[in-house]
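# coordinates only, no sequence provided:
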């Protein structure tokens with residue numbers, strides 16, 4: 001009799017647990033669907049209206065589907081200076097990211113693996129630089145660009161982008177490298193490797209998830225950066241995509257579908273890169289979470 005009661009209680013608990021799981025998954029699914037709609041709605045709105053004619057939004061409404069897929073907006077944008085702006089952004093992004101990741105990795109390696117007196121103060125100063133507002137440095141950096149004859153060139157943007165990306169990159173990468181087992185480093189030293197060889201052959205390959213995460217994080221910030229690009233460049237030959245959007249907005253202020261086409265083309269490279277490297281981003285984030 002007692003065994004029957006226990007089995008009934010156990011079956012009841014299992015049913016309640018299943019109901020709770022079903023309810024939890026249902027709530028999670030509903031919240032995820034709501035978040036997905038909120039996230040995709042602006043993107044769908046932008047792409048949908050980019051195919052409309054100039055006055056079609058005023059006549060048919062902003063949320064109405066386009067009467068036909070008109071690519072005239074995209075062809076007009078591409079016939080202008082958009083591709084030149086795109087090339088400038090890509091060049092600045094690639095060079096800045098390569099320098100930033102290399103400098104951050106070189107700084108994070110001794111801060112995470114070596115023991116010396118000034119390690120804590122140096123690390124504290126680097127982390128404290130994260131608190132410096134970008135806008136208070138615009139005038140000094142502008143004067144430096146003028147004095148070094150780099151003003152109004154794409155090279156004037158690489159320095160600030162790298163400098164402001166180093167603190168957060170060193171902060172994250174130092175924590176990531178600390179979790180790499182020291183046995184790997186010790187075994188490499190037994191095999192005759194010096195510190196430089198260990199860094200390039202062991203530490204850097206094992207830090208690829210963290211480097212990929214930093215590349216995507218800093219890459220998005222550099223791609224969308226406006227303040228330095230607006231302050232340090234003037235001519236169309238040196239401007240980047242955010243300024244292209246600014247210029248097109250002023251040029252086609254009454255042609256909203258044209259502006260939507262510019263925004264779509266500006267956003268498309270980052271979407272493609274994220275789709276390609278999203279697995280590395282997730283691995284880097286989960287690795288940091290597990291090790292942290």
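All right, it came through fine. Remember, it's a predicted structure, so these values are computed and weren't measured experimentally.

# what values do phi and psi take at residue 53?
phi -80, psi 170 (degrees, to the nearest 10).

# OK, contacts around it?
If you count contacts by C-beta atoms under 8 Å, 6 or more residues apart in numbering, residue 53 has them with 67, 70, 72, 257. (C-beta placed from N, C-alpha, C; glycine too.)

# count of residues packed around the second one?
Burial of residue 70 is recorded as 17 neighbouring residues (other C-beta atoms under 10 Å).

# what's the separation between it and residue 51?
From residue 70 over to residue 51 the distance is 6 Å, taken as C-beta to C-beta, to the nearest Å.

# now do the helix ranked longest in the chain: which elements does it pack against?
In the chain, with assignment by DSSP state H, the single longest helix is helix 2-50. Packing contacts for helix 2-50, counted by 3 or more C-beta pairs under 8 Å, 6 or more residues apart in numbering; DSSP states H and E, involve helix 256-291.

# ok, the closest residue to residue 232 other than its chain neighbours - contacts?
Residue nearest to residue 232 in three dimensions, not counting chain neighbours: residue 156, with 4.3 Å by C-beta to C-beta, 6 or more residues apart in numbering. With contact set as C-beta under 8 Å, 6+ apart, residue 156 has these partners: 145, 150, 232, 233, 238.

# one more pass at 6 Å, please.
By C-beta atoms under 6 Å, 6 or more residues apart in numbering, the contact list for residue 156 reads 145, 150, 232.

# surely the first one touches residue 153?
No: Residue 145 sits out of contact with residue 153 when judged by C-beta atoms under 6 Å, with a separation of 8.4 Å.

# neighbour count: the two, which is higher?
residue 145 (22 against 17).

# hang on, the earlier thing: of the contacts of residue 53, which pair is most distant in space?
67 and 72 (13.0 Å; C-beta to C-beta).

# is it true that residue 199 touches residue 109?
Yes: when contacts are counted by C-beta under 6 Å, residue 199 is listed as touching residue 109 (5.3 Å).

# mind checking the pLDDT average for the longest helix of the chain?
Taken as a whole, helix 2-50 carries a mean pLDDT of 79.

# average pLDDT for the helix or strand just after it?
For helix 2-50, the succeeding helix or strand toward the C-terminus, using DSSP states H and E, is helix 56-60. In this model, helix 56-60 has an average pLDDT of 72.

# which parts of helix 56-60 are buried?
Within helix 56-60, the residues scored as buried using 16 or more other C-beta atoms under 10 Å are 56, 57.

# same question, stretch 222-237
For stretch 222-237, using 16+ other C-beta under 10 Å, the buried residues are 222, 223, 224, 225, 228, 229, 231, 232, 233.

# now do stretch 173-192
173, 174, 175, 176, 177, 180, 185, 188.

# grab the nearest non-local neighbour of residue 46.
Nearest to residue 46 is residue 260, by C-beta to C-beta, 6+ apart, at 5.1 Å.

# do you know the pLDDT at residue 158?
93.

# ok, residue 70 next?
76.

# now residue 280
64.

# got it, and the one 4 residues further on?
Residue 284 carries a pLDDT value of 58.

# the nearest residue to residue 235 once chain neighbours are set aside in helix, strand or coil?
Spatial nearest neighbour of residue 235, excluding adjacent residues (C-beta to C-beta, 6+ apart): residue 152 at 5.7 Å. Following DSSP: H, G, I helix; E, B strand; the rest coil, residue 152 is assigned to coil.

# domain parsing for the chain?
2-50, 76-291 (automatic domain parsing).

# most surrounded residue in the contacts of residue 53?
residue 257 (22 neighbours).

# wait, what's in contact with that residue?
49, 50, 52, 73.

# residue 184: which element?
helix 182-190.

# number of residues surrounding residue 144?
By other C-beta under 10 Å, neighbour count at residue 144 equals 16.

# name the element it belongs to?
Short version, using DSSP H and E: residue 144 is in helix 138-147.

# residues of that helix that come out buried?
Quick answer for helix 138-147 (16+ other C-beta under 10 Å): 138, 141, 144, 145.

# tabulate these (CSV), appending distance to residue 42.
CSV is the format used below for the buried residues of helix 138-147 (distance: C-beta to C-beta, whole Å):
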residue, distance to residue 42
138, 29
141, 32
144, 37
145, 35
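
# what is the nearest of the residues you listed to residue 123?
residue 141 (24.6 Å).

# poorly predicted segments of the chain, please.
Within the chain, the segments meeting pLDDT under 70 span 1-12, 61, 249-253, 278-292.

# please repeat the previous calculation with a cut-off of 80.
Confidence mapping of the chain against pLDDT under 80 gives the ranges 1-20, 54-65, 67-70, 80, 185-186, 188-192, 236, 244-256, 273-292.
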